[in-house]
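J.: Build me a structure from this.
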Amino acid sequence: MVSSPGTVSFILHRRISAGCSRSSESTPRSSAALLFTSGPRHGEAIGTFHGEPLYHGSLAAAEYRRLLNNNGFDVIANVAEDPDCGGHTVWLARMR
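T.: Alright, predicted model coming up:
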């Protein structure tokens, strides 16, 4: 996993992603930004990262939007398979 100072990177299995909710210990501050990548559609894939197998599971875009909304986030931007970002689907959300 590659991270920059001040960032956190993680990968969640899609079943875990679907069940994510806020807890009082990890509630972000109002107007906090959330930036993440996902697959372009619901499904699972195995790729490689530095020569090692890497699992990736994604939800459908509508499910990400529902989960973000239910957890107090507004979607600011979403670009599916962004050519300027290596073909990744990118999400930017902000907490209400």
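J.: Remind me what the top helix by length along the chain packs against, helices and strands.
T.: Using DSSP state H, we find that the single longest helix of the chain is helix 61-70. With contacts taken as 3 or more Cβ pairs under 8 Å, 6 or more residues apart in numbering; DSSP states H and E, helix 61-70 sits against helix 14-18, strand 73-82, strand 88-95. The C-beta positions use only the backbone N, C-alpha and C, and glycine is treated the same way.
J.: Check which element follows the worst-scoring helix or strand of the chain on mean pLDDT along the chain.
T.: Lowest by mean pLDDT, DSSP states H and E among the helices and strands of the chain is helix 14-18, with a mean of 52. Using DSSP states H and E, the next helix or strand after helix 14-18 towards the C-terminus is strand 33-38.
J.: which residues touch the helix or strand that that following strand is followed by?
T.: Using DSSP H and E, the helix or strand that follows strand 33-38 in sequence is strand 43-49. The contact list for strand 43-49 (Cβ atoms under 8 Å, 6 or more residues apart in numbering) reads 14, 39, 53-58.
J.: quick one: which of the residues you listed is nearest Asn71?
T.: Arg14 (16.4 Å; Cβ to Cβ).
J.: residues of stretch 57-66 that come out buried?
T.: 57-59, 61, 64-65 (16 or more other Cβ atoms under 10 Å).
J.: Poorly predicted segments of this structure, please.
T.: For the chain, the stretches flagged by pLDDT under 70 are 1-29.
J.: want to throw the helices and strands packed on helix 61-70 into CSV with mean neighbour count?
T.: Shown next, in CSV, are the helices and strands packed on helix 61-70 (neighbours: other Cβ atoms under 10 Å):
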stretch, mean neighbour count
helix 14-18, 14
strand 73-82, 14
strand 88-95, 18
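J.: mind putting these in a markdown table, distance to Leu34 included?
T.: As requested, the helices and strands packed on helix 61-70 are exported to a markdown table (distance: least, Cβ to Cβ, whole Å):
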| stretch | distance to Leu34 |
| --- | --- |
| helix 14-18 | 13 |
| strand 73-82 | 6 |
| strand 88-95 | 5 |
